[in-house]
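K.L.:
this one's sequence-less:
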């Protein structure tokens, strides 16, 4: 059955019984997915505007939002933005800067992730940053935290207000999107969970003291300063942490699986503004 023909009320049940398993990934188009997921969440959380989903769980829980707004008055990630700006402006050993790779414009979030048809792969912003470094004779940065998170924080800050607009230009890009969707809905690990188990089926419910956030807007606020980490981390760091919580072995940060997952997830947030960096519990 095509997803566009399903009643929205049945979506949770489909997630629960595995109807979105790998063999179903190609049953629906990205456009159908976008409509179905939005309709589902608009019904589940009535009155929450699309743009609010950029704020994660704070879009759907007032108590959490009040605490978050207090934190945002003095954001813990501000020093990291400044460090990232310094990195952006500091020349490499050859005299060039990151600007030489990005048209002298740090506001790059709207361009990533994107499909590179020449290489037949999804290119993310962290990947592009390290390719820029390699091109200029510098060592690549580690992908989960540290210097790359600081640079991403500055670039995200400069990109605030840009709208997510991931394109799926051809069948090869669609195949990558479907692979990312498969990763999202596939059950794994000792707990037999999928990403969708928490962020679609159980969104808004509690796991211990934490409220599970909806999938809409999941990619807009990165990098994120998490209280649990005590520092900034990247999106793929969080992907890996989620898989560990499922008692599953994570894929490699910026490996093909996680880049395809990012491609799918970012497309889900099309139309939502980027608002990174951000703070989360």
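P.N.:
Okay, I see it. Keep in mind that what you see is a predicted model, and the values were worked out from it rather than measured.
K.L.:
Outline the domain layout of the protein.
P.N.:
Per automatic domain parsing, the structural domains of the chain span 3-74+169-280, 78-158.
K.L.:
The last one: how far from the chain's middle?
P.N.:
Its chain's C-alpha centre and that of domain 78-158 lie 17 Å apart, by Cα atoms, centre = their mean, to the nearest Å.
K.L.:
tell me which element the closest residue to residue 144 other than its chain neighbours falls in.
P.N.:
Excluding the flanking residues, the one nearest residue 144 by Cβ to Cβ, 6 or more residues apart in numbering is residue 237, at 3.9 Å. Backbone N, C-alpha and C define where each C-beta goes, glycine included. Assessed by DSSP states H and E, residue 237 sits inside helix 235-245.
K.L.:
Go through that helix and flag the buried ones.
P.N.:
235, 236, 237, 238, 239, 240, 242, 243 (16 or more other Cβ atoms under 10 Å).
K.L.:
Also stretch 88-100?
P.N.:
Neighbour counts using 16+ other Cβ under 10 Å place 88, 97, 98 of stretch 88-100 among the buried residues.
K.L.:
neighbouring contacts of that stretch?
P.N.:
Identification of contacts with stretch 88-100 by Cβ atoms under 8 Å, 6 or more residues apart in numbering yields 87, 105, 106, 129, 132, 133, 136, 137, 138, 151, 154, 155.
K.L.:
quick one: which of those residues is nearest residue 181?
P.N.:
For these, the residue nearest residue 181 by Cβ to Cβ is residue 129; the value is 25.8 Å.
K.L.:
for that closest one, what are its contacts?
P.N.:
98, 141, 148, 151, 152.
K.L.:
hang on, the third one is in a helix, isn't it?
P.N.:
Yes - when classified by DSSP: H, G, I helix; E, B strand; the rest coil, residue 148 is found to be part of a helix.
K.L.:
Find the residue closest to it in space, skipping its chain neighbours.
P.N.:
Setting aside the residues directly before and after it, residue 148 is nearest to residue 141 in space (Cβ to Cβ, 6+ apart), at 4.1 Å.
K.L.:
any idea how far the one you found lies from residue 234?
P.N.:
The gap separating residue 141 from residue 234 is 10 Å, by Cβ to Cβ, to the nearest Å.
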